[in-house]
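In: I need the structure of the sequence given here:
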Amino acid sequence: MVKHLYLWTVAVAAAAMLLICGCGREQSKKLIMATNAAFPPYEYVEGKEIDGIDPAIIRAIGGKLGYTVEIHDMSFESVIAAVQTGKADIAAAGITITPERKKQVAFTLPYMIAEQVIIVMGKSPIKRSQDLKGKRIGVQHGTTGDTFVTANIQEPERFTNAPLAVQALLAGKLDAVVIDSEPASVFIAQRHDLVRLKEALTYEEYAFAINRENSALLKDFNAELQKMIDSGELKRIIDHYKESHASEQSSGSVNQSFAGRLKESFYLNFVKEQRWMYLVRGFAVTLEITFFAVLLGIGIGFPVAVIRSAADQTGRFKLPDLCCRCYLTVIRGTPVVVQLLIIYFVIFGAVNIDKTLVAVIAFGINSGAYVAEIIRSGIMSIDRGQMEAGRSLGLSYTQTMSLVILPQALKNVLPALGNEFIVLLKETSVAGYIALQDLTKAGDIIRSQTYDAFMPLVAVALIYLTVVLILTGLLGRLEKRLKKNE
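Out: The predicted structure follows:
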C-alpha cells in the first residue's frame, strides 16, 4: 500500500511541476507593474482596469519601449517585495525615495514632489500638528506618513490602504488621518465634511522602483521619463488626473430619509458604473480557488492519514510517518496567510507562476493537514476487531483498509470534512495579499471608490453566508442518504 502511495505522490508532484512550468512568464515582451490601486489619483480601479497617474506614465513609457504592461494590485507593503523577488518588473504606488528603500531596490528619476498633510472632520478641534498629541491618528501602513507620525508624534493606527483610514475617520473611529496631499484632495472633493489642514508635515520625492539587477530597464526607463519631463508630457498626464478627480463631487445629502440614503447607497455601491460586477468576478475567483484547493487538500490529506494510521497500528513506515508528522506540525502551527506569502514570494519567488495556482497550492496544502487528521480520527474510531475480521477472511491489509475500514471512517467524519471545506471557503478571503481579486478584495475595491463601508461589507458577508448555507444543506442531505444505506 505504501508503495502505491509513493507512486501516487510522485505522480501528483510531477503533475504539479508541469503546471508550474506551463504557467511561467510568456516569452513576449511584458512589463509587470506592482501597485496598490487604492491611492487616487495615482492609482485606482476603474471598471476592469487599473488607472491613474502612475499606470498612465508606465503605459506611456512601456509603449515607447515596446512593452505590454500588466498591472498587479496588491497590498502596499508587498509592492517592493514583488520587485525584489522578480514577481514584478517595476513598482509604482506613490513610493517615496528613502535611504532604507534604496538598499532594497533601484529608483528611477523622481517624477513628483509630494507632501504629507492632515485631514480631519470639518468640526474637529484639531487645527495644527501640535494638536495631534494624544489623538487617534490613522495612517497607511508602511508609508512615509506612518514613519513621520511614529517618529515625531506617537504610535498611529495603521490601515492597509488610505480609503480604509478615511472611512474610519468618517465613522468617528479616528480624530485625524495623515496622508499624501493629492489623495487628500480627492477624498475632500468627494466628501465635503472633510477638511485639510494648511500645514504640510513633510516634503518628499516619488519615483518608480526597479530591481537593482535590472540596470538595462532602469536606464531605458529613465531615458524615456526624462523625455516626458522635457516635452511636458509628464505634466499633462499629472494635470489630467488631478483635474478629473478634483471635479468629482459628493453625492450624499444629510437631509434625506433613512430609506432615501439606503437607496442612494445601494445605487452608488452596486448600480453606478456596474460596480456589482466586481463582486461577480471576485466570487468566481473565490469559487475557483476553493474548488481546486479542496481537491488538492483531499489528495494530500488522504494518503497522509493512511500512512499515519498504518504507522500507529502496525509500528511500521517510521520514516514516512515522521515526514507526515513534520508536515502536520508546520502547517497547523502557522497562519495560512503567512504560508500563502511564503509560497508566493519565497518558494516560487524566482518563478512567474499564475497567482491563482499559487493560491490553490497554498490553501490546498493547508487544508490537506486538517483533512489528514480528520480522516485519521475516523480510521482510528473504527473498532480494531473490524481489521482483525477482515484479515481473518483472507483480505490483505490494503484490501481490509479500502473495503472495510475507510468506507465506515469516511461516513463518520463526513460532517467534520464538510466543516473543513466551509472553513476553507472563508479562508480564501486573504488571497488579496498576493494581488488576487477574490470576493473580499472586490468589496475592498468598491469601498475604495465609494468610501461607504456598510453596503460592500454586508454584500460580501451575505454572499459568503448564502454559499455556506447551500453547502450545509447539501451536506445534510448527503448524510441522510448515507444513513438510509446503512
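In: grab the longest helix from the protein for me.
Out: helix 276-314 (DSSP state H).
In: shaky segments in this protein?
Out: 1-28, 245-258, 482, 484-486 (pLDDT under 70).
In: hey, where'd the strands end up in it?
Out: For the chain, the strands defined by DSSP state E occupy 30-35, 38-39, 43-46, 49-51, 68-73, 90-91, 106-107, 112-121, 137-140, 157-159, 176-180, 194-206, 209-210.
In: need the ones you listed in JSON lines (columns: mean neighbour count and distance to residue 418).
Out: The way it works is simple: take the backbone N, C-alpha and C, and place the C-beta from them, glycine included. JSON lines is the format used below for those (neighbours: other Cβ atoms under 10 Å; distance: least, Cβ to Cβ, whole Å):
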{"stretch": "strand 30-35", "mean neighbour count": "22", "distance to residue 418": "38"}
{"stretch": "strand 38-39", "mean neighbour count": "26", "distance to residue 418": "36"}
{"stretch": "strand 43-46", "mean neighbour count": "22", "distance to residue 418": "35"}
{"stretch": "strand 49-51", "mean neighbour count": "16", "distance to residue 418": "38"}
{"stretch": "strand 68-73", "mean neighbour count": "18", "distance to residue 418": "33"}
{"stretch": "strand 90-91", "mean neighbour count": "30", "distance to residue 418": "42"}
{"stretch": "strand 106-107", "mean neighbour count": "20", "distance to residue 418": "51"}
{"stretch": "strand 112-121", "mean neighbour count": "20", "distance to residue 418": "47"}
{"stretch": "strand 137-140", "mean neighbour count": "26", "distance to residue 418": "39"}
{"stretch": "strand 157-159", "mean neighbour count": "18", "distance to residue 418": "35"}
{"stretch": "strand 176-180", "mean neighbour count": "26", "distance to residue 418": "43"}
{"stretch": "strand 194-206", "mean neighbour count": "16", "distance to residue 418": "47"}
{"stretch": "strand 209-210", "mean neighbour count": "24", "distance to residue 418": "45"}
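In: mind listing what residue 227 touches?
Out: Taking Cβ atoms under 8 Å, 6 or more residues apart in numbering, we find residue 227 in contact with residue 233.
In: now swap in residue 36 and tell me
Out: Going by Cβ under 8 Å, 6+ apart, the list of residues near residue 36 reads 43, 73-76, 79, 93, 161.
In: and of those, the nearest to residue 151?
Out: residue 76 (18.7 Å; Cβ to Cβ).
In: so what's that closest one up against?
Out: For residue 76, the contact set (Cβ under 8 Å, 6+ apart) comprises 36, 39, 93, 140-143, 160-161.
In: which one of these sits closest to residue 293?
Out: Taking Cβ to Cβ as the measure, residue 293 sits nearest to residue 160 out of those, at 23.6 Å.
In: check the gap between the closest one and residue 99 for me.
Out: 25 Å (Cβ to Cβ, to the nearest Å).
In: next: residue 182.
Out: Taken as Cβ to Cβ, the span from residue 182 to residue 99 is 24 Å.
In: ok, now residue 84?
Out: 16 Å.
In: cool, and residue 477?
Out: For residue 477, the distance to residue 99 - Cβ to Cβ - is 62 Å.
In: neighbour count: these two, which is higher?
Out: Each of residue 477 and residue 99 has its neighbours counted (other Cβ atoms under 10 Å); residue 477 has more, 10 against 6.
In: look up how far residue 414 lies from the more buried one.
Out: Going from residue 477 to residue 414 by Cβ to Cβ gives 12 Å.
In: cool, and residue 364?
Out: 20 Å.
In: of those two, who's got more company?
Out: Neighbours per residue, other Cβ under 10 Å: of residue 364 and residue 414, the larger number sits with residue 364, 23 against 16.
In: what about the closest residue to that one other than its chain neighbours, how many neighbours?
Out: Closest residue in space to residue 364, ignoring its immediate chain neighbours: residue 296 at 2.8 Å, by Cβ to Cβ, 6 or more residues apart in numbering. When neighbours are counted by other Cβ under 10 Å, residue 296 registers 22.
In: swap in the one 10 residues further on?
Out: Neighbouring residues of residue 306 were enumerated by other Cβ under 10 Å; the total is 25.
In: that one against residue 405, yeah?
Out: No: in this structure, residue 306 is not within contact of residue 405 by Cβ atoms under 8 Å, at 9.7 Å.
In: what do these two both touch?
Out: residue 379.
In: re earlier: tell me the contacts of the residue nearest to residue 364?
Out: 360-361, 363-365, 367-368.
In: how about the residues you listed in CSV, adding distance to residue 455?
Out: Listed next are these as CSV, based on distance: Cβ to Cβ, whole Å:
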residue, distance to residue 455
360, 30
361, 34
363, 28
364, 33
365, 35
367, 31
368, 37
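In: which residues sit in contact with residue 332?
Out: Residues near residue 332 by Cβ under 8 Å, 6+ apart: 369-370, 373.
In: can you put the strands of the chain in JSON lines and add distance to residue 260?
Out: Below are the strands of the chain laid out as JSON lines (distance: least, Cβ to Cβ, whole Å):
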{"stretch": "strand 30-35", "distance to residue 260": "37"}
{"stretch": "strand 38-39", "distance to residue 260": "28"}
{"stretch": "strand 43-46", "distance to residue 260": "27"}
{"stretch": "strand 49-51", "distance to residue 260": "31"}
{"stretch": "strand 68-73", "distance to residue 260": "34"}
{"stretch": "strand 90-91", "distance to residue 260": "43"}
{"stretch": "strand 106-107", "distance to residue 260": "49"}
{"stretch": "strand 112-121", "distance to residue 260": "23"}
{"stretch": "strand 137-140", "distance to residue 260": "30"}
{"stretch": "strand 157-159", "distance to residue 260": "30"}
{"stretch": "strand 176-180", "distance to residue 260": "28"}
{"stretch": "strand 194-206", "distance to residue 260": "22"}
{"stretch": "strand 209-210", "distance to residue 260": "46"}
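In: which residues touch residue 105?
Out: The contact partners of residue 105, taken as Cβ under 8 Å, 6+ apart, are 80, 83-84, 91, 209-212.
In: of those residues, which is the nearest to residue 435?
Out: Nearest to residue 435, judged by Cβ to Cβ, of those is residue 91 at 11.8 Å.
In: hmm, which two among the contacts of residue 36 are most spread apart?
Out: 43 and 75 (13.0 Å).
In: mind jotting down where the helices sit in the stretch 51-200 of the chain?
Out: Counting by DSSP state H, counting those that start in this stretch, one finds helices in the stretch 51-200 of the chain at the ranges 53-64, 76-84, 99-102, 144-152, 162-170, 181-190.
In: and of the ones you listed, who's closest to residue 335?
Out: With Cβ to Cβ as the measure, helix 76-84 is the member of the helices of the stretch 51-200 of the chain nearest residue 335 (15.9 Å).
In: pull out the buried positions in that closest one.
Out: Neighbour-count burial for helix 76-84 flags 76-84 (criterion: 16 or more other Cβ atoms under 10 Å).
In: quick one: distance of that helix to the chain centre.
Out: Taking Cα atoms, centre = their mean, to the nearest Å, one finds the center of helix 76-84 at 13 Å from the center of the full chain.
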